[in-house]
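Trainee: need a 3D model of the sequence below.
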Amino acid sequence: MNINNYKPDFLLEAVYNLDIDSLKKHDIRAVMVDLDNTLIAWNNPDGTPQLREWLKIMKENKIKIIVVSNNKRERVARAVEIFDVDFISRAMKPFAWGINKALNKLEEDKVHVVMVGDQLMTDIRAAHRAGVRSILVRPLVQSDAWNTKFNRWRERRVWIEIIKKDGKPKWETAL
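Mentor: Residues are numbered from 1 along each chain as shown. Reported below is the predicted structural model:
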């Protein structure tokens, strides 16, 4: 296993730490974001006031947002309809299929796009496969849906290898 395939370009405390100045500094025009435990807590589909404010600021500054989720269409559509955000469901992460589909919808070159997620094994790996920059965020809640628990176990093993190679990661509050 090549550990670099799972290493994020950036580590942020939360997706809400992505601010307009940082995005402009890195020439990012669009943000692909995982749904569960990244944009919203998997067990709180309504999101938070902080999320709504972040989405409003992104929209006002013409930063495109698209959710890229492995969840089924009905689940993702129901979760994002109140936020007026486009989405790709059944993205098949860790493969690049969903990210490539999102790139087509966004009509942006991959150098101007970033993928944000809370899992090395799916979100970050898919971003690497698609050739887009990646941001790993801390999960919004510490509990996971049953189907994510296996990935978390594998992720802990990968983190051990990353730390051996590069040292303890530093979580940032800005890009």
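Trainee: what residues of stretch 158-170 count as buried?
Mentor: For stretch 158-170, a neighbour-count test (16 or more other C-beta atoms under 10 Å) marks Val158, Ile162 as buried. The C-beta positions use only the backbone N, C-alpha and C, and glycine is treated the same way.
Trainee: equivalent analysis for stretch 101-121, please.
Mentor: 101-103, 106, 108, 110, 112-121.
Trainee: please list the members of those residues that lie in helices.
Mentor: Under the assignment DSSP state H, those contribute Lys101, Ala102, Leu103, Leu106 to helices.
Trainee: and of the residues you listed, the nearest to Leu51?
Mentor: Nearest to Leu51, judged by C-beta to C-beta, of these is Ala102 at 19.2 Å.
Trainee: residue contacts, that closest one?
Mentor: If a contact means C-beta atoms under 8 Å, 6 or more residues apart in numbering, then Ala102 has Met32, Ile66, Val68, Ile88, Ala91 as its contacts.
Trainee: 7 Å - rerun?
Mentor: Contacts for Ala102 (C-beta atoms under 7 Å, 6 or more residues apart in numbering) come out as Met32, Ile66, Val68, Ile88.
Trainee: in TSV: these, plus secondary structure and pLDDT.
Mentor: Formatted as TSV, those follow (DSSP: H, G, I helix; E, B strand; the rest coil; pLDDT from 0 to 100):
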residue	secondary structure	pLDDT
Met32	strand	98
Ile66	strand	98
Val68	strand	98
Ile88	strand	98
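Trainee: report the longest helix in this structure, please.
Mentor: Across the chain, the longest stretch assigned as helix under DSSP H is helix 149-166.
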